[in-house]
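*Asks:* Kindly generate the corresponding structure for this input.
(chains A and B, ligands or ions: 2)
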Amino acid sequence: MLELQRLTKRYGARTAVSDFSLSLKRGERLGLLGPNGAGKTTVISILVGALRADSGTVLLDNKPLTGDTNPLKRRLGYVPQEIALYEDLSAADNLRLFGALYGLKGPALERRIADELETVGLADRAKGPVRAFSGGMKRRLNIAAALLHEPELLILDEPTVGVDPQSRNAIFDKIEQLAAAGVTLLYTTHYMEEVERLCRRIAIMDGGKLLAEGTQAELRALLPSRASRLRVEVAPSSIECVNDDALAALRALPGVTEATAEGGLLTVSLDDIGARTLTVLRTLGERGIAYASLASERPNLEEVFLHLTGRSLRDV
Amino acid sequence: MNTALLALLRNDLRLFFSDRRAVIITILVPVAIASFFGAILSGGGGGQPQGKLTLLVSDSDHSPLSTEIVANLKKDPALSVSEAPPPEAARDAVKSGKTPVALFLPPGLGAQATQAMFAGPNAPRPRVSLVYDPSDAAEYQMARGLVMQQVLQVVSRRAFSADSAATVDQTLAALQANRDMAPDERAALTDLLGGVKRYYGRPGAEGAGGAGGGPSIGMPVDFADEASATGEKDAARAATVGHAFAGMAIQGVLFFAIDAAMGILRDRRNGLWKRLRAAPLSRPTLLGAKLAGTALIALLILGIVFGAGALLFRIRITGSPLGFALLCLCTALMVSAFGLLIAALGRTEQQSRGYAIPAVLGMSLLGGAWFPAFLMPAWIQPVSKAMPSRWAADGFDAMLWRGFGLPAALVPCAVLLGFAAVFAAFAFARFHWEAE
Ligand SMILES: Nc1ncnc2c1ncn2[C@@H]1O[C@H](COP(=O)(O)OP(=O)(O)O)[C@@H](O)[C@H]1O
Ligand SMILES: [Mg+2]
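*Replies:* Residues are numbered from 1 along each chain as shown, chains lettered A, B, ... in the order given. Ligands and ions are numbered 1, 2, ... in the order given. Okay, here's the model as predicted:
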């Protein structure tokens, strides 16, 4: 359905997107995963027609998606990374504008507005000014604004930034409903959990380039077959011993690709679970770190990204 | 009609009215400043005019008396006198603001003035009239004083001069016919004139002349003053207040154009611009909607500011109402295109505001929004005429209180539309269409 061919965009000396190609089939849900600054928004901006690429083409059903007034644009729904709403206007008035921009009018428009406000849980706030909304409510309205004209392809650029967990779940539910109804999805994020939950296919990008794409299983297969990670629940008595110094020591071990600590939970990524586990446990012992439990799990996209770039998704 | 354009337009209007405080400030500030000016300037006082006062004289009499008055006025160091023989030419010069005051010496002035001097308050008198530009009340006061002084001096001196022996006879006859005069006063004057007659009768008598002139018995002429354009008693006030409101209305909408431009730049920063560009909208639709929205609001501001002027200071359209309406429309379009230009040339709100505010103030000042442009030194005139605000101000002056008809509005309208077209074309060409 959608084809991005060799997109390149430069800002002065910096190349934001470089030779980026990607395709999407009808009904598919594709996650575009990459850290901040990877070039996701630049790709999306080019795709929706808000930014001109230096080179490359965008095809929708094999027809070039060029021109300000190209009717093909009506088949896209676009949820920008920013909250692109008029804060001083009411939720309904915002939707009135965005619906009208796609040719809706009259009672049909009003009906769509009522429907969308209902499904994003803002029906009772229709007349309230957006200014007074919470971050999560604004995000939901931002999505509703893209759906009024019932697009076939919905493009969401980091739609959950700055959102409370409750709104985040509401957004996920909404997206899953749309996908179930046959809407094709392109979802960008720097949260790996989101693509893992929502998307069948995942494209990983960094530094303006596409690094890898495929299903989660395909991407995991890029890692060494014995790659894994250890989850160590640290005993409360030795939590103070888990400091930056200890993490650095773990990272310095051969075969350890990453070590992070969150509260009492230590996560260590290994390239070979059989060969490396003992050295890790010995290092913990030397540093006086006792543990309450120990588990290993299959690597996730975090490790894939790490493997591809040598950097962690969260770090950048 | 284009649904998207209408939707964008409606949205801009909604946005404007959603911020009540901004609406009030946008409208209140010009009304407040104009009222302030109106209140302090409409007292009619003004300051002493600087330099020489230009006086246009139309002498339809061509008698020795009128010629002498003109000659004496020319000698006056405070005046710069020029002559405009046809009265209509002099009238037009004042009406169009080229000259502050014109003096009209009527036919028969020389023949009638001296008799009239003694003929009592109800006798017909020749009418010397002054037509003045109501915005130059101070200059008019000064001119009136000087002219009166000259006319009285020359007339009374001539009443007692050598070539007036015949006049004295006529004057004596007029005096006898004056029923309003007390008998003892008449007797005294008859004596006096008898003496004058005897004095002229002396062999080798010369003209009495003399700087101080003779005694003025009564007013030899009627002084009629007439404010150009309106002819109302408080025309001067109308002019000052009308000009203040026109000037502040123009400045007010220019400032609103900055707000509109800031709105565009803010949308760009907020990602709204990118969202709009993603919709299937043409560039002319996007900018056209902005242009129309800003122009409509500017029109509304002009309407309310002038409306407030009409309510608070009784300013009136003495010229063509259609011309006034067209001027409002063209001013609104010019201002709206100016706003687009600011948005197109600017990258950030702060930066653009930084140069747009001085630009608007300069435009207002040089364009005559703060005080009439013709009071500015000659070298500024070409600069002033390069300002669209000048054309708007001149146009509003012509329609509000100079009392000109529709044709006088057409040239300013055309110039304003020209500015609007140039601004809009530049804005369109330089606009950052990309959402970066
Ligand atoms: N208008 C711009 N001018 C200069 N550089 C830009 C501009 N927009 C984005 N970039 C750069 O392009 C790169 C990609 O940015 P972006 O597409 O926003 O990344 P992402 O959405 O993945 O966080 C970044 O390095 C960013 O700094
Ligand atoms: Mg982004």
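*Asks:* rest of the way, CA atoms for contacts and neighbours
*Replies:* Noted.
*Asks:* Not counting its neighbours along the chain, what's nearest A:V163?
*Replies:* Once flanking residues are discounted, A:V163 sits nearest to A:G136: 4.7 Å by CA to CA, 6 or more residues apart in numbering or on different chains.
*Asks:* Kindly provide the distance from B:F245 to B:S364.
*Replies:* Separation of B:F245 from B:S364 (CA to CA, to the nearest Å): 13 Å.
*Asks:* cool, and B:V29?
*Replies:* Taken as CA to CA, the span from B:V29 to B:S364 is 14 Å.
*Asks:* Tell me which of those two has more neighbours.
*Replies:* A direct count of neighbours by other CA atoms under 10 Å in any protein chain shown for B:V29 and B:S364 places B:S364 higher, at 25 against 16.
*Asks:* The more buried one against B:S389, yeah?
*Replies:* Yes: if you go by CA atoms under 8 Å, B:S364 and B:S389 touch, sitting 6.3 Å apart.
*Asks:* Find the residues that touch each one of those two.
*Replies:* Common neighbours of B:S364 and B:S389, using CA atoms under 8 Å, 6 or more residues apart in numbering or on different chains, are B:I250.
*Asks:* In the stretch 201-316 of chain A, which residue sits nearest ligand 1?
*Replies:* Distances between the stretch 201-316 of chain A and ligand 1 by CA to the nearest ligand atom are smallest at A:G208, namely 6.6 Å.
*Asks:* residues touching the closest residue to that residue other than its chain neighbours, list them.
*Replies:* In space, A:G208 comes closest to A:V17 once its chain neighbours are excluded; the distance is 3.9 Å by CA to CA, 6+ apart. Contact partners of A:V17, counting by CA under 8 Å, 6+ apart, are A:L7, A:T8, A:K9, A:R10, A:G39, A:T42, A:V43, A:G207, A:G208, A:K209.
*Asks:* can you do 10 Å?
*Replies:* Applying CA atoms under 10 Å, 6 or more residues apart in numbering or on different chains, we find A:V17 in contact with A:6-11, A:37-43, A:53-54, A:205-210.
*Asks:* Among these, which ones are in helices?
*Replies:* A:K40, A:T41, A:T42, A:V43 (DSSP state H).
*Asks:* Just give me the closest of these to A:E262.
*Replies:* A:K40 (28.0 Å; CA to CA).
*Asks:* Excluding covalently adjacent residues, which one is nearest to A:G67?
*Replies:* A:G67 sits nearest to A:G49 (CA to CA, 6+ apart), 7.8 Å away.
*Asks:* Tell me who's in contact with the one you found.
*Replies:* A:58, A:65-70, A:73, B:274-280, B:434-435.
*Asks:* just B:L291 next, same as before
*Replies:* Contacts of B:L291 by CA under 10 Å, 6+ apart are B:9, B:260, B:284-285, B:332-340, B:424.
*Asks:* circling back: what separation do you get for the residue nearest to A:G67 and A:A181?
*Replies:* Counting by CA to CA, the separation of A:G49 from A:A181 is 26 Å.
*Asks:* got it, and B:A386?
*Replies:* For B:A386 relative to A:A181 (CA to CA), the value is 62 Å.
*Asks:* more neighbours, these two?
*Replies:* The neighbour comparison of B:A386 against A:A181 (other CA under 10 Å) goes to B:A386, with 15 against 10.
*Asks:* Do I have it right that A:G34 meets A:D206?
*Replies:* Yes: using CA atoms under 10 Å, A:G34 makes contact with A:D206 at a distance of 5.7 Å.
*Asks:* overlap in contacts of those two?
*Replies:* A:K40, A:F305, A:L313.
*Asks:* For the closest residue to ligand 1 within chain B, the count of nearby residues, please.
*Replies:* Nearest to ligand 1 in chain B, going by CA to the nearest ligand atom, is B:E436, at a distance of 4.1 Å. A count of nearby residues for B:E436, using other CA under 10 Å, gives 16.
*Asks:* Leaving out chain neighbours, which residue sits closest to it?
*Replies:* Per CA to CA, 6+ apart, closest to B:E436 is A:L51, 6.8 Å.
*Asks:* so how far is B:I33 from that neighbour?
*Replies:* Separation of A:L51 from B:I33 (CA to CA): 45 Å.
*Asks:* swap in A:L2?
*Replies:* 59 Å.
*Asks:* Also A:A235?
*Replies:* 74 Å.
*Asks:* Comparing these two, which residue is more hemmed in?
*Replies:* Ranked by neighbour count (other CA under 10 Å), A:A235 and B:I33 place B:I33 first, with 18 against 14.
*Asks:* Determine how far stretch A:136-147 lies from the middle of the whole chain.
*Replies:* 16 Å (CA atoms, centre = their mean, to the nearest Å).
*Asks:* let me redo that: stretch A:39-51
*Replies:* That offset, for stretch A:39-51, works out to 15 Å (CA atoms, centre = their mean).
*Asks:* Likewise for stretch A:292-302?
*Replies:* Centroid displacement of stretch A:292-302 relative to its chain, using CA atoms, centre = their mean, is 22 Å.
*Asks:* next structured bit after the lengthiest helix in chain B?
*Replies:* If you go by DSSP H, chain B has its longest helix at helix B:235-270. Later in the chain than helix B:235-270, the nearest helix or strand by DSSP states H and E is helix B:272-278.
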